[in-house]
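Q: The sequence isn't on hand, but the structure is:
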């Protein structure tokens, strides 16, 4: 009996193997785009990550390093009058998600992310920083996607909170009754004064996009928020090309401010197709401000648009990501045309692009966006996985929704569909002072992405641990070449106006 039973098992296994081999190739598509650990295009240094040397100075600096199993992520940097403030999220390793999510603010930092005692300020361990960071008293659901922006010279305001949950078992009607959550807005002052009030964004906010199958059209807002305050000014100066562009130093009679919210838009039925939508703050009362309102209301969300590749080429040709054992110093820049062609076509963007995080901030009356983006270089075929390219892209907008041709400025590490190992830090340093360097920051080696994808790339779990090729979690500081940036922004505004995507008169910008 035992022999017969074992023989039947062998026959069944043989039959199963034969069926598997006969199964169409499309049913066995691997999620791993690399053949070995040496195919993963990890730059050897932060200098090797600079993609547009005409725009970004060739002297980036690592300013923060995180210990092993430190899940810190979603950093923001604020150029306050007396010091640099830094905020970040922390929680369970590796994704900082779930009930342990906490948000912290360090209020005694400099451009090197050090305290006045020259100690790292992005730490939460007791005695690691002086003074210790302030923990924001918010629920984990609010911390999950919290976005922050300066409220005044001494405080911040923010918005956070997932508004919907995946539900596999109940009907669309029942799910609609369950999803009634609203985002939470907060105000936080330097002295610790804190206020929380309704944030005005719900799963049914007009214009929000949620096309994943199991959310029934109810927007979750699972990605990080970014908040931008745009000062609207109307004083004009001649920039020498026949156009008048407003003077940033003169408020004029038309001084006003608007607040923009940038949020995750899920444009695909599966987990890909991450994009960004924007909504403008509409305060309930005529005389209300963010500092006095007891609730927020937002206008309709709109998906961002990007101009195509008609602008000048700013980087070299796209590199092949499948070259074997390529030396680190030979990694070639990503193609600006590749990113522009995909992002400027909505249908292509849904299938071939993911903007994982966005950081949008005011710069001289424009909205300057930095986007952590991954694109699939070629569409999926029945028997072949996609090849990916990733970068931090820069683009500018006059109106908050329509952006210029994206330029890749910093190389990212693609680790699979929709995943990259690099998150842009929200905020700029030196934006209001032409005499200072203009810095932006990127969090490289974000925990979690490689750990998840190791399940799809069998060699990773062993080889990443032995070769130690997983990028360590760290923050790098990059510097814009300000004259080159101003020249580029002037051209970007001209392109946007030519395409009818920039209002008249043009935005206030002194370049």
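A: Looks like it arrived, so ask away. In this text the structure is predicted, and so the values were computed from the model without any measurement. Residues are numbered from 1 along each chain as shown.

Q: Please make it C-alpha for all contacts and neighbour counts, starting now.
A: Fine.

Q: Not counting its neighbours along the chain, what's nearest residue 348?
A: residue 342 (5.4 Å; Cα to Cα, 6 or more residues apart in numbering).

Q: Need the three-state assignment for that neighbour.
A: Three-state call for residue 342 (DSSP: H, G, I helix; E, B strand; the rest coil): helix.

Q: what sits against it?
A: 348-349, 352-353, 375 (Cα atoms under 8 Å, 6 or more residues apart in numbering).

Q: quick one: residue 157 and residue 348, what's the gap?
A: 36 Å (Cα to Cα, to the nearest Å).

Q: So which of the two has more stuff around it?
A: Comparing residue 157 with residue 348 by other Cα atoms under 10 Å, the one with more neighbours is residue 157, at 21 against 16.

Q: Chain neighbours aside, what residue packs nearest to that one?
A: That would be residue 187: by Cα to Cα, 6+ apart, it lies 4.4 Å from residue 157.

Q: List the beta-bridge partners for the one you found.
A: On the basis of DSSP bridges, residue 187 is bridged to residue 157, residue 195.

Q: thought it was touching residue 152?
A: No - in this structure, residue 187 is not within contact of residue 152 by Cα atoms under 8 Å, at 10.1 Å.

Q: Looking at the two, which is more packed in?
A: residue 187 (23 against 13).

Q: Where does the prediction get shaky in the stretch 401-511 of the chain?
A: 416-417, 450-470, 504-511 (pLDDT under 70).

Q: and with 90 instead?
A: 413-421, 432-435, 445, 447-472, 502-511 (pLDDT under 90).

Q: rewinding a little: which pLDDT value belongs to the residue nearest to residue 348?
A: Among the per-residue scores, residue 342 holds a pLDDT of 91.

Q: Same check on residue 373?
A: Reported pLDDT for residue 373: 95.

Q: how deep is it tucked in, by neighbour count?
A: So residue 373, with other Cα under 10 Å, has 30 neighbours.

Q: The one 4 residues further on too?
A: The number of residues packed around residue 377, counting by other Cα under 10 Å, is 19.

Q: Pretty sure it sits against residue 414.
A: No - contact criterion Cα under 8 Å: residue 377 and residue 414 do not qualify, at 11.4 Å.

Q: Quickly list what's touching both of these two.
A: With Cα under 8 Å, 6+ apart, residue 377 and residue 414 have common neighbours 388-389.

Q: measure residue 375 to residue 341 for me?
A: Residue 375 is 10 Å from residue 341, by Cα to Cα.

Q: the more surrounded of the two?
A: residue 375 (27 against 19).

Q: Secondary structure element for the more buried one, which one?
A: Following DSSP states H and E, one finds residue 375 within strand 366-376.

Q: helices and strands around that strand, which ones?
A: The contact analysis (3 or more Cα pairs under 8 Å, 6 or more residues apart in numbering; DSSP states H and E) places strand 366-376 against strand 226-232, strand 353-363, strand 388-397, strand 419-420, strand 422-424.

Q: Alright, calling it a day.
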